[in-house]
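Colleague: Show me the folded form of this:
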Amino acid sequence: MKLTKKEGEELLKLARASIYDKEIKIKDKGEKCGVFVTIYSAEDHSLRGCIGYPEPIMPLKEAVVAAAKAAAFEDPRFGPLEKEEKIKMEISILTVPELIKVASPKEYPKNIEIGKDGLILRHDGYQGLLLPQVAVEDHMDAELFLENVCLKAGLSQDAWLDAGVKIYKFQAQIFRE
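Modeller: Numbers count the residues shown, from 1 in each chain. Sure, this is the predicted structure:
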């Protein structure tokens, strides 16, 4: 799904409104999409919350509302957002994750395009996800990106070399305030 800049701006307004208004009513919900909402401090651009749905399990606007509320109030890394906090929001609309098929785990880095691909790692009940923009913002190459998605999953940084690991990639259309 490719959205226009105007549609992205409307989703950002919806995300912001959903944080402050518990009774948001959505008429046209849109097709199902994976979505992440990221909240940053407007003062120093530090992360304030990031939650979403990697799979297309609910209509786009419903997913944006749910992810925005969760990022603001339920991200376990942070306390709930305070009304007086000044924030900036970012919405990432995800493509359906695709399993990266390789003959050997050492081939994973060659199959990841930094700045384009986000990663999901799944292994023995553990899961980690990093959005495509994370690798660019943190100046990661493909191998470092893989190591960090392992750490995000709660695994050792070299877990991506385990033959039982499944790694998926996806792309995102990103809208920022």
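
Colleague: does the residue lying closest to Ala142 once chain neighbours are set aside count as helix, strand or coil?
Modeller: In this structure, Ala142 finds its nearest non-sequential neighbour in Pro109, 3.7 Å apart by C-beta to C-beta, 6 or more residues apart in numbering. Where you see a C-beta, it was placed from the backbone N, CA and C, and this is true even at glycine. State at Pro109, reduced to three classes by DSSP: H, G, I helix; E, B strand; the rest coil: helix.

Colleague: got the contact list for Pro109?
Modeller: 141-143, 146 (C-beta atoms under 8 Å, 6 or more residues apart in numbering).

Colleague: Whichever of those end up buried, select them in ChimeraX.
Modeller: Only the buried entries of those go into this ChimeraX selection, using 16 or more other C-beta atoms under 10 Å:
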select :142,146
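
Colleague: Output the contacts of Pro109 in a markdown table; the columns should cover secondary structure.
Modeller: Output for the contacts of Pro109, formatted as a markdown table (three-state DSSP):
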| residue | secondary structure |
| --- | --- |
| Asp141 | coil |
| Ala142 | helix |
| Glu143 | helix |
| Leu146 | helix |
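
Colleague: Pick the one among the contacts of Pro109 closest to Leu3.
Modeller: Ranked by distance to Leu3 (C-beta to C-beta), the contacts of Pro109 are led by Ala142 at 27.4 Å.
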